[in-house]
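Asks: when you get a sec, could you give me coordinates for this:
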Amino acid sequence: GNSAYCEFINIPRTASQLLAMDPRESISLVRQGIELATERGAQLVGLGAYTSVVSWGGMALREAGVPLTTGNSYTVITACEATIAALKGLHVDPGQTTAAVMGGAGSIGRCLALLLAPSVKSIILLGNPANPGRSLAKLSQVGAEICRHLLTAAPDSPLAREIARIPGCPHSSQDLAAFLRFFSENSPLLPITVSLDADTELPGADVVVTATSSVSDLVTPENVKFGALICDLSRPANVSKEIKSRRPDVLVIDGGVVAVWKRPDLGWDFGFEQGLCYACMAETMLLALEGHLEHTSIGSSINVETLDLLRNLAEKHGFRLADLRSFDKPLNRKDWQRVIAARASR
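Replies: Numbering: from 1, shown residues only. Here you go, the predicted model:
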């Protein structure tokens with residue numbers, strides 16, 4: 001019997017325009033959107049797409065007078081679900097795959113790595129080469145978090161067993177500093193790679209998940225492995241559209257697309273069929289339906305408890321992962337057959 005009234009407020013700039021603006025100007029523009037929302041009665045505001053990037057995950061606007069969410073928690077959950085579902089559709093055992101997370105130091109990339117780690121054989125964390133020292137430090141911290149998370153939450157997973165074999169592996173109850181030292185001292189032995197060189201690492205990845213704030217094509221026909229699965233969460237997309245025509249062996253899926261309960265008309269056309277939306281939009285709806293009117297999923301570090309909260313809310317309110325899509329179009333049986341046949345031809 002719960003209900004929520006939602007409105008969409010559009011910021012009149014593209015992602016590239018927001019990125020090119022002075023940060024104070026772009027934040028001011030997003031703040032104007034929040035003020036308009038509150039004037040219209042909003043008790044919760046979701047920062048969709050690039051508005052969360054330019055506001056540092058909402059942290060620059062957390063004093064705007066209304067609770068905020070970036071939608072990143074539910075985005076991560078649905079992307080992980082979509083990736084595992086696509087691997088099953090391709091008849092691939094996730095436990096035999098190497099997964100690369102582009103943007104592994106960011107809020108979404110970090111959480112994706114944590115959620116994917118129990119299911120895969122090894123992980124590559126890729127960061128931004130424009131700021132190498134800071135990027136590698138943040139990636140190493142994520143690598144240490146993965147080690148601790150696996151030993152705590154999934155000790156029987158292939159990755160956890162591999163980590164536990166290494167001499168000096170900390171106990172799961174030890175603090176992150178101990179795992180960071182362990183990660184730094186043993187990085188060549190660990191099944192977790194940190195790198196800033198996508199062109200070198202992507203040819204070794206069976207699964208690629210993009211979660212960056214870049215507006216460029218980072219995954220191209222030239223640097224992706226034969227038969228790879230790519231889940232593109234970045235908006236704007238980071239996957240070249242040329243892959244569709246030049247690499248029939250590669251399956252690209254759109255992450256974070258959700259079917260809202262009973263598929264209602266959402267009031268405007270942003271390219272999806274009725275009742276479908278991005279997971280960041282859905283998270284705002286779920287929190288509103290639940291009356292969870294507090295800052296959620298903001299900043300660079302989302303905790304596992306918040307992921308559990310959103311997973312439970314989605315189940316409670318009937319939201320679910322939509323049928324898989326590729327380049328904003330639904331994947332049909334012929335699409336699957338074409339990819340499977342191309343993968344088998346080698």
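
Asks: for Val339, helix, strand, or coil?
Replies: helix (DSSP: H, G, I helix; E, B strand; the rest coil).

Asks: for it, report the pLDDT, please.
Replies: Model confidence at Val339, given as pLDDT, is 94.

Asks: and what of Ser16?
Replies: 88.

Asks: same deal with Ser187?
Replies: On pLDDT, Ser187 comes in at 91.

Asks: surely it and Val194 touch.
Replies: Yes. The pair Ser187 / Val194 is scored as a contact, 7.2 Å apart, by Cβ atoms under 8 Å. C-betas here are computed from N, CA, C, even on glycine.

Asks: which residues are common contacts for the two?
Replies: Jointly contacting Ser187 and Val194 under the rule Cβ atoms under 8 Å, 6 or more residues apart in numbering are Ser140, Gly143.

Asks: of those two, who's got more company?
Replies: Val194 (24 against 13; other Cβ atoms under 10 Å).

Asks: please identify the helix or strand for that one.
Replies: strand 192-195 (DSSP states H and E).

Asks: what sits against the nearest residue to Pro23 once chain neighbours are set aside?
Replies: Among residues not flanking Pro23 along the chain, Val54 sits closest, at 6.8 Å (Cβ to Cβ, 6 or more residues apart in numbering). If you count contacts by Cβ under 8 Å, 6+ apart, Val54 has them with Leu18, Leu19, Met21, Pro23, Ser26, Ile27, Val30.

Asks: roughly how far does Val54 sit from Cys169?
Replies: For Val54, the distance to Cys169 equals 40 Å [Cβ to Cβ, to the nearest Å].

Asks: which parts of the stretch 51-200 of the chain are helices?
Replies: For the stretch 51-200 of the chain, the helices defined by DSSP state H, counting those that start in this stretch occupy 72-89, 107-116, 132-153, 158-164, 176-186, 198-201.

Asks: and for the residue nearest to Ser240 when sequence neighbours are not counted, the neighbour number?
Replies: Excluding the flanking residues, the one nearest Ser240 by Cβ to Cβ, 6+ apart is Asp217, at 4.1 Å. Here the number of neighbours of Asp217 (other Cβ under 10 Å) works out to 15.

Asks: repeat that for Pro188.
Replies: Using other Cβ under 10 Å, the number of residues around Pro188 comes to 6.

Asks: over to Asp199?
Replies: Asp199 - counted by other Cβ under 10 Å - has 10 other residues nearby.

Asks: okay if I get the contacts of Val54 as JSON lines plus secondary structure, distance to Ala37 and neighbour count?
Replies: Listed next are the contacts of Val54 as JSON lines, based on DSSP: H, G, I helix; E, B strand; the rest coil; distance: Cβ to Cβ, whole Å; neighbours: other Cβ atoms under 10 Å:
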{"residue": "Leu18", "secondary structure": "helix", "distance to Ala37": "18", "neighbour count": "22"}
{"residue": "Leu19", "secondary structure": "helix", "distance to Ala37": "23", "neighbour count": "17"}
{"residue": "Met21", "secondary structure": "coil", "distance to Ala37": "20", "neighbour count": "15"}
{"residue": "Pro23", "secondary structure": "helix", "distance to Ala37": "21", "neighbour count": "13"}
{"residue": "Ser26", "secondary structure": "helix", "distance to Ala37": "17", "neighbour count": "22"}
{"residue": "Ile27", "secondary structure": "helix", "distance to Ala37": "15", "neighbour count": "18"}
{"residue": "Val30", "secondary structure": "helix", "distance to Ala37": "11", "neighbour count": "23"}
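
Asks: redo those residues as TSV? Include distance to Ala82.
Replies: Listed next are the contacts of Val54 as TSV, based on distance: Cβ to Cβ, whole Å:
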residue	distance to Ala82
Leu18	26
Leu19	26
Met21	32
Pro23	32
Ser26	30
Ile27	31
Val30	28
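
Asks: out of the residues you listed, flag the one nearest to Glu7.
Replies: Nearest to Glu7 among the contacts of Val54 is Val30, at 15.8 Å by Cβ to Cβ.

Asks: does that closest one touch Leu61 like I think?
Replies: Yes. At 6.5 Å, Val30 counts as touching Leu61 under the criterion of Cβ under 8 Å.
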